[in-house]
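Asks: turn this into a model:
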Amino acid sequence: MSRVFPVEKYDKGFLLKLLRDMVLVRRVEEKAGQMYGLQKIGGFCHLYIGQEAVATGSVAAIDLTKDYVLTTYRDHGHALVCGMDPGVLMAELFGKITGCARGKGGSMHLFDVENHMYGGHGIVGSHIPLATGVALKIKYKEEDGVVLCYFGDGAIHQGAFHESLNMAKIWNLPIVYICENNQYGMGTNYERVSAVHEFYIMSNSYGIPGKQVDGMNVLEVYEETKKAVKQAREEGLPSFLEIKTYRYRGHSMSDPAKYRTREELDEYRQQDPILLLKNEMVEKNIITEEDYKKIDDECKAIATQAVEFAENSQEPGLETLYEDVLA
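Replies: Numbers count the residues shown, from 1 in each chain. Sure thing, here's the model as predicted:
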């Protein structure tokens, strides 16, 4: 697939931040996978490798001093691009007291109040009504915020998705629903379980505009999210983006991903969102290969330091067992 990146029309600093954010997510995720293999991380762990352009491009289109992000259990990438400290993230994966949820949430429940990243939710589709509620709060209090609500293709058939879109349109809420269609709900291709293969048209049932976006093109993700955010902020209208992407690893760390061919995986590796942006920036003389290597080396070092921080952090004390329990 041929993709055109009009990189020359963007500020160099902006492009560098997009590139660095994607590389940081990739290197931290690779390190998390390595630590899981060493049994330093337990429980479920869903990596974001391959999908970096979605969170990076869309979060670049919002203002986290007044906007909000809610997402699924595949949440490491969103947390990082929202500004979570990689060490704090890794400590949470390790179950340490210095983690963002004090070691109680783990991989699927990252949370960062200061950066308006409201999870990380483990039950498929469960957070879509929560995100809709945050948008209702914004409207009720006459704030200037917008909500980005991310979910996978597996959540499309949950009743919560349809009920939320219906209410968002009735109340005209400032929310952008983002389906990260990585083409597999756990181990099944989405086309085998959906009567409708073009998910973006589903929102038309509720009078909400939908659009399909190339999720391997970080600049396309940015531009389309920016339009949707502008509509939400200025007109108070919801919208729906189906962002077509691809995960290079299994559904979770325990998934060998034998349901797809090596040829399919190799084809999508040729569309790596990091390399697509990097190569275009090199071709247009915005950066050099040496510049990219420096960014990559820096991000690898940050990932290594994150593991060191997690390993050196304390385990939660027994007395914390009943803290933060609301009922």
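Asks: could you pull up phi and psi at the residue nearest to M22 when sequence neighbours are not counted?
Replies: Spatial nearest neighbour of M22, excluding adjacent residues (CB to CB, 6 or more residues apart in numbering): E52 at 4.1 Å. Backbone N, C-alpha and C define where each C-beta goes, glycine included. Main-chain torsions, E52, degrees, to the nearest 10: phi -60, psi -30.
Asks: E52: neighbour count?
Replies: A count of nearby residues for E52, using other CB atoms under 10 Å, gives 28.
Asks: which residues does it contact?
Replies: Going by CB atoms under 8 Å, 6 or more residues apart in numbering, E52 touches 21-22, 25-26, 77, 218, 273-274.
Asks: redo that, cut-off 6 Å
Replies: 22, 25-26, 77, 273 (CB atoms under 6 Å, 6 or more residues apart in numbering).
Asks: likewise for H251?
Replies: Going by CB under 6 Å, 6+ apart, H251 touches M186.
Asks: give me that answer again for 7 Å
Replies: By CB atoms under 7 Å, 6 or more residues apart in numbering, the contact list for H251 reads 46, 184, 186-187.
Asks: again with L18
Replies: Taking CB under 7 Å, 6+ apart, one finds 56-57, 60, 218, 277 in contact with L18.
Asks: so where do the helices sit in the chain?
Replies: For the chain, helices defined by DSSP state H occupy the ranges 12-37, 52-59, 76-81, 86-93, 127-140, 159-171, 190-193, 218-235, 262-269, 273-283, 289-312.
Asks: of all these, which lies closest to N204?
Replies: Checking those against N204 by CB to CB gives helix 159-171 as the closest, at 10.2 Å.
Asks: look up how far F111 lies from R102.
Replies: According to CB to CB, to the nearest Å, R102 and F111 sit 10 Å apart.
Asks: between these two, which one's more packed in?
Replies: F111 (19 against 16).
Asks: OK, contacts around that one?
Replies: For F111, the contacting residues are 100-101, 105, 117-120, by CB under 7 Å, 6+ apart.
Asks: which of those has the most neighbours?
Replies: Neighbour counts for the contacts of F111, by other CB under 10 Å, peak at G120, which reaches 27 neighbours.
Asks: ok, for F151, nearest residue in space, not its chain neighbours?
Replies: Distances taken as CB to CB, 6+ apart place T72 nearest to F151, at 5.5 Å, with adjacent residues excluded.
Asks: quick one, what contacts the one you found?
Replies: By CB under 7 Å, 6+ apart, the residues touching T72 are 121, 150-152.
Asks: got TSV for the residues you listed, with distance to S313, neighbour count and pLDDT too?
Replies: Listed next are the contacts of T72 as TSV, based on distance: CB to CB, whole Å; neighbours: other CB atoms under 10 Å; pLDDT from 0 to 100:
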residue	distance to S313	neighbour count	pLDDT
H121	24	22	96
Y150	28	28	98
F151	31	27	97
G152	30	26	93
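Asks: which of the residues you listed fall in strands?
Replies: 150-152 (DSSP state E).
Asks: good, we can wrap up now.
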